[in-house]
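A.B. asks: sequence below, structure please.
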Amino acid sequence: MRIAAPKNLNMVALGGASTYFPDFILHYALSPILRERVGKIVLYDKEPERVEIVGRFSRRVLADHGLDPSIISVSTDKEKAFEGAHIFLNMMRAGKMPGRLEDETLPLLYGLIGQETMGLGGLRLLSRQIHALQELIPAIKSNAAKDPYFFNFANPAGLLSMAVGQMTNFNTVLGLCNIPFEIRIQIARALKIQRSSLSGQTDEQIADRIQIDSIGLNHLSFFRHFIFDGEDITAEVIKFISNPPANFDIEKTEDIAFYVDIVKEHGLFPNWYWQYRMNHADVVEKQKATAISDFRAFKVMQWERNQLDAYANPNSPISETLFELVKRGGAGYALMATRALAAILTDSKDRQIVSTKNSDSDGKVFIPWLPKDIFVEVPCFMHRTGPRFDKKMDSSLPEPFRSSVIQEADAGIYFVNGLLQNDPDLVLKAVWLHPLIGRRLPQANADRFLHEILKMFVAN
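C.D. replies: Sure thing, here's the model as predicted:
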């Protein structure tokens, strides 16, 4: 029997001044379930001017869909913002784009990859994110409704969600990523070339009929076992990608095209971020030769200024302004979030890929070769009480992928525990064990570099 959540729920967006938020509101407006059940939305942020701009544009989106714009309010007062909240959406980026630019460039000084969600840059961001949330958790616990839902959009999604779970002990804490959805989109594009019956359908319509399996961690996951309308199309997709026809635009399927050899050998598709581990040295050298203005953080900084100007303009076309979010990257987050939330609120048992703790309420581990506390990115059935593992899925993984996932999981647990327990020894151990940090440092300078790196997290 389905036990749906009550109506008139209150929602809070942490980091509500995010340029992503209006896209969430668009998908909220398109969701009959969320429109019916969520009656109040508060945008909480420390930047009053920016959150007002995002809030006003979000109200325009609601009004454009014939909905009451007054359900959206903005606040810089955490006590008032969190009062009676049933749902939290975390969209914060502590340090904002200047911090991201450092995350992408500073690691290069140590011969490490410059990336804002993994390696040294990812741990720098994670450190700031955890410290920012530590300032808010007490107010959440004392003002929110009992055991609220916590949906984490923010990177590094898996480790940050794990930290939130440890800080709050909420029953439902999950991380969301758009990449599993993007993989399905790319499979849909391949299917459209092969099957004339799909002509005229959008990539999204076809992707909704595709089911995939995922095993691993956020941004270190691997996809396989593709089902389309109940039919196993894995062999068909692998054969197609291994030898695509001339009329297939392989550039639009970079996640798949980059790993053709792996697909052929193992029958699985690595997450796009695997390239940073597979070609670490080449990527570092390329990044070192890159001008500051060509780094992703710098470009996003400029894009955000323009996007906020568009949000602030009361005459900006709503649909065109929202479409600009595609250029920002990360398309699909809002769609994934609204679907996950709607599925949980209606106890639908819908199968979705999310980041969740690698053990259930009874302590039973899902992926037996990973620690029980790490958050894994796997298919789950969405219940009123939170996600539950699809236990029929194969949880094995071939080498060398399995070893890489284990190493990063161990390092991530040490790092999160080190920050939460204020234990520099655990942080140092995490940095040393991390396959994209300690194992990549020049041996002659490794000890000195490790202690320099440790100071970053003490300072943050």
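A.B. asks: and for residue 289, the neighbour number?
C.D. replies: For residue 289, the neighbour count with other CB atoms under 10 Å is 8. Backbone N, C-alpha and C define where each C-beta goes, glycine included.
A.B. asks: for residue 268, same thing?
C.D. replies: By the criterion of other CB under 10 Å, residue 268 has 21 neighbours.
A.B. asks: next one: phi and psi at it?
C.D. replies: When read as degrees, to the nearest 10, the backbone of residue 268 gives phi -140, psi 160.
A.B. asks: return the distance of it relative to residue 215.
C.D. replies: When distance is defined by CB to CB, to the nearest Å, residue 268 is 8 Å away from residue 215.
A.B. asks: between these two, what contacts are shared?
C.D. replies: Common contacts of residue 268 and residue 215 (CB atoms under 8 Å, 6 or more residues apart in numbering): 222, 224.
A.B. asks: which stretches in the stretch 201-350 of the chain count as helices?
C.D. replies: For the stretch 201-350 of the chain, the helices defined by DSSP state H, counting those that start in this stretch occupy 203-207, 234-242, 254-257, 260-266, 275-278, 280-288, 296-312, 318-323, 325-328, 333-345.
A.B. asks: and the contacts of the last one?
C.D. replies: Contacts of helix 333-345 from elsewhere in the structure, counted by CB under 8 Å, 6+ apart, are 4-5, 9, 20, 23-24, 26-28, 30-31, 33-34, 37, 87, 89, 149, 151, 153, 172, 174, 176-178, 180-181, 348-350, 352, 354, 382-384, 386-387.
A.B. asks: show me the contacts for residue 89.
C.D. replies: Contact partners of residue 89, counting by CB under 8 Å, 6+ apart, are 11, 12, 13, 14, 24, 151, 153, 337.
A.B. asks: repeat the analysis, applying 6 Å as the threshold.
C.D. replies: Residue 89 makes contacts with 13, 151, as judged by CB atoms under 6 Å, 6 or more residues apart in numbering.
A.B. asks: hang on, it in a strand?
C.D. replies: Yes - following the definition DSSP: H, G, I helix; E, B strand; the rest coil, residue 89 is counted among the residues of a strand.
A.B. asks: below-threshold pLDDT in this protein: ranges please.
C.D. replies: Applying pLDDT under 70 to the chain flags residues 1-6, 246-258, 329-331, 458-460.
A.B. asks: 50 - rerun?
C.D. replies: 1, 460 (pLDDT under 50).
A.B. asks: which residue is nearest the centroid of it?
C.D. replies: By CA atoms, centre = their mean, the chain has its centre lying nearest to residue 177, at 3.2 Å.
A.B. asks: would you mind measuring from that one to residue 145?
C.D. replies: Using CB to CB, one gets 26 Å for the distance from residue 177 to residue 145.
A.B. asks: list the contacts for residue 431?
C.D. replies: 437, 438, 450, 453.
A.B. asks: most neighbours among these, which one?
C.D. replies: The most crowded member of the contacts of residue 431 is residue 437, carrying 26 neighbours; neighbours defined as other CB under 10 Å.
A.B. asks: next, count neighbours for residue 302.
C.D. replies: Counted with other CB under 10 Å, residues neighbouring residue 302 total 11.
A.B. asks: just to revisit the earlier point, doesn't residue 157 make contact with the residue nearest to the centre of the chain?
C.D. replies: Yes - under the criterion of CB atoms under 6 Å, residue 177 lies in contact with residue 157, with a separation of 5.4 Å.
A.B. asks: which neighbours do the two share?
C.D. replies: Listed as contacting both residue 177 and residue 157 by CB under 6 Å, 6+ apart are residue 218.
A.B. asks: in the chain, which spans are strands?
C.D. replies: Counting by DSSP state E, the chain forms strands over residues 9-14, 38-44, 72-75, 87-90, 149-152, 173-175, 210-217, 220-228, 231-232, 269-270, 351-357, 375-383, 386-389, given from the N-terminal end onward.
A.B. asks: of those strands, which is nearest residue 444?
C.D. replies: Evaluated over the strands of the chain, closeness to residue 444 peaks at strand 220-228, with 28.7 Å, by CB to CB.
A.B. asks: helices or strands up against that closest one?
C.D. replies: With contacts defined as 3 or more CB pairs under 6 Å, 6 or more residues apart in numbering; DSSP states H and E, the packing partners of strand 220-228 are strand 210-217, helix 234-242, helix 401-420.
A.B. asks: now the last one: buried residues?
C.D. replies: Which is helix 401-420. For helix 401-420, the buried set under the neighbour-count rule, 16 or more other CB atoms under 10 Å, comprises 401-402, 404-419.
A.B. asks: what is that helix packed up against?
C.D. replies: Based on contacts counted as 3+ CB pairs under 6 Å, 6+ apart, the elements that helix 401-420 packs against are helix 157-168, strand 220-228, helix 424-433.
A.B. asks: tell me the angle the shortest one makes with helix 234-242.
C.D. replies: When you say that, I think you mean strand 220-228. In terms of direction (axes from the mean of the first three to the mean of the last three CA atoms, to 10 degrees), strand 220-228 departs from helix 234-242 by 120 degrees.
A.B. asks: also the longest one?
C.D. replies: Between helix 157-168 and helix 234-242, the angle comes out at 130 degrees (the same axes, to 10 degrees).
A.B. asks: remind me, longest helix of the chain?
C.D. replies: helix 119-143 (DSSP state H).
A.B. asks: what about stretch 86-102, how long is it end to end?
C.D. replies: Length of stretch 86-102, first residue to last, CA to CA, to the nearest Å: 35 Å.
A.B. asks: before we move on, the earlier item: put together a markdown table for the helices and strands packed on strand 220-228, with distance to residue 50 on each row.
C.D. replies: Listed next are these as a markdown table, based on distance: least, CB to CB, whole Å:
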| stretch | distance to residue 50 |
| --- | --- |
| strand 210-217 | 32 |
| helix 234-242 | 42 |
| helix 401-420 | 27 |
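A.B. asks: name the surrounding residues that touch the longest helix of the chain.
C.D. replies: Applying CB under 6 Å, 6+ apart, the set of residues contacting helix 119-143 from outside is 78-79, 82-83, 92, 94-95, 103-104, 107, 112-116, 156, 159-160, 163, 167, 415, 419, 436-437, 457, 460.
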